[in-house]
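> mind folding the following:
(chains A, B, C, D and E)
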Amino acid sequence: MCGRYTLTAPAEDLAQRFLLDLSELQTLYQPRYNIAPSQSVLAVTGDGVHLVPRWLRWGLTPAWSRDGAAGPINARSETVFDRSMFRQAIRQRRCLVPADGFYEWAGSPPHRSPRHFSLQSGQLFGLAGIWERWQSPSGDPLISVCLLTTTPNPLVAPIHDRMPVILRPEQESIWLDPAVTEHADLASLFAPYPADQMRMHEVSPAVNDPRLDTPECIRPLAAPASD
DNA sequence: CCAGACGTTGTT
DNA sequence: GTCTGG
DNA sequence: CCAGACGTTGTT
DNA sequence: GTCTGG
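Alright, predicted model coming up:
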């Protein structure tokens, strides 16, 4: 699945890749090496014409929530159209969550071993997300987001049995098109991203602590000697 | 009909 | 063990 | 996802 | 709000 990710690119690259206004982005954006659930994350939504950046809480709080508690951080793409909790959002409130890497943990406690996955090109990519708005009895609306997951590709499979849905650039306009609401028109987007275009390396368990948010999080562990 | 849940992951 | 917070 | 708290009363 | 279970 996807419970941590990175967005380390400079604001200029991010603005160019997702067609966002740089000056608007710069007011809140800073590179992140350890983005965790419950935090405010950058998402890109579409109104059919423009791309709109939003800062959303990671952990979906549906409109009918009584207390506004954070909900699921992931939704299974295989069943997202069937679940009442996601039904409205998957049809009407899809978004991209910009990232340039994500973490998965291998093994069982107390020997869990984190890995960082990214594109071989090093480029930014868009994770498939859905969002919801919850209105507190008194106060500002809470807007939250949830990331879709799918089956792992051969690179991820040895580490985990799920991986996030990564959209290819040519799929992004379909994903963000409000006129598209049918499962049949979106199901093909949920395929695992090709393994031969991705890379992985082991990182320090220091990334376990969500308070650490530095380049150390993505630094490859020294590879074991091999000759 | 009403009541109550509504999600995923991983681990034991 | 389970829930909350980041 | 992992880390850390998990409680009340009364006092400062 | 919407779906499932009784």
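> residue A:159 against residue A:115, yeah?
Yes - contact criterion C-beta atoms under 8 Å: residue A:159 and residue A:115 qualify, at 5.6 Å. To be clear about C-beta, it is placed using only N, CA and C from the backbone, and glycine gets the same treatment.
> what do those two both touch?
A:104-106, A:200 (C-beta atoms under 8 Å, 6 or more residues apart in numbering).
> may I ask which of those has the most neighbours?
Highest neighbour count within the shared contacts of residue A:159 and residue A:115: residue A:104, with 22 neighbours (other C-beta atoms under 10 Å).
> in contact with it, which residues?
For residue A:104, counting by C-beta under 8 Å, 6+ apart, the contacting residues are A:1-2, A:114-115, A:117, A:156, A:159-160, A:163.
> look up how far DNA strand C lies from it.
14 Å (C-beta to the nearest atom of the strand, to the nearest Å).
> pairing partners for that residue in the sheet, please.
Residue A:104 has these beta-bridge partners by DSSP bridges: residue A:115.
> how near is it to DNA strand E?
In terms of C-beta to the nearest atom of the strand, residue A:104 sits 30 Å off from DNA strand E.
> what does residue A:184 give?
Separation of residue A:184 from DNA strand E (C-beta to the nearest atom of the strand): 17 Å.
> and for that residue, the neighbour number?
Residue A:184: 7 neighbours (other C-beta under 10 Å).
> how about it, secondary structure?
helix (DSSP: H, G, I helix; E, B strand; the rest coil).
> report the lowest-confidence entry in the shared contacts of residue A:159 and residue A:115.
When the shared contacts of residue A:159 and residue A:115 are compared on pLDDT, residue A:106 comes out lowest, with 93.
> residues contacting that residue?
Contacts of residue A:106 (C-beta under 8 Å, 6+ apart): A:112-115, A:158-160.
> and chain A, which residues reach DNA strand B?
Contacts of chain A with DNA strand B, taken as C-beta under 7 Å from any atom of the strand, map to A:1, A:64, A:71-76, A:79-80, A:83-86, A:105, A:107-109, A:112, A:149, A:160-162.
> just to revisit the earlier point, can you add distance to residue A:123, neighbour count and secondary structure and give the contacts of residue A:106 back as a markdown table?
Output for the contacts of residue A:106, formatted as a markdown table (distance: C-beta to C-beta, whole Å; neighbours: other C-beta atoms under 10 Å; DSSP: H, G, I helix; E, B strand; the rest coil):
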| residue | distance to residue A:123 | neighbour count | secondary structure |
| --- | --- | --- | --- |
| A:112 | 28 | 11 | coil |
| A:113 | 26 | 14 | strand |
| A:114 | 22 | 20 | strand |
| A:115 | 19 | 21 | strand |
| A:158 | 24 | 10 | coil |
| A:159 | 22 | 19 | coil |
| A:160 | 22 | 17 | coil |
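> distance to DNA strand D and pLDDT added to these, as TSV?
TSV is the format used below for these (distance: C-beta to the nearest atom of the strand, whole Å; pLDDT from 0 to 100):
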residue	distance to DNA strand D	pLDDT
A:112	4	92
A:113	9	94
A:114	7	97
A:115	11	97
A:158	16	96
A:159	11	96
A:160	8	94
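> next one: phi and psi at residue A:85?
Dihedral angles of residue A:85 (phi, psi; degrees, to the nearest 10) stand at phi -70, psi -30.
> can you check residue A:219 too?
phi -70, psi 130.
> and the residue of chain A found nearest DNA strand D, what pLDDT?
When scored by C-beta to the nearest atom of the strand, chain A has residue A:3 as its residue closest to DNA strand D, at 1.9 Å. Listed pLDDT for residue A:3 reads 97.
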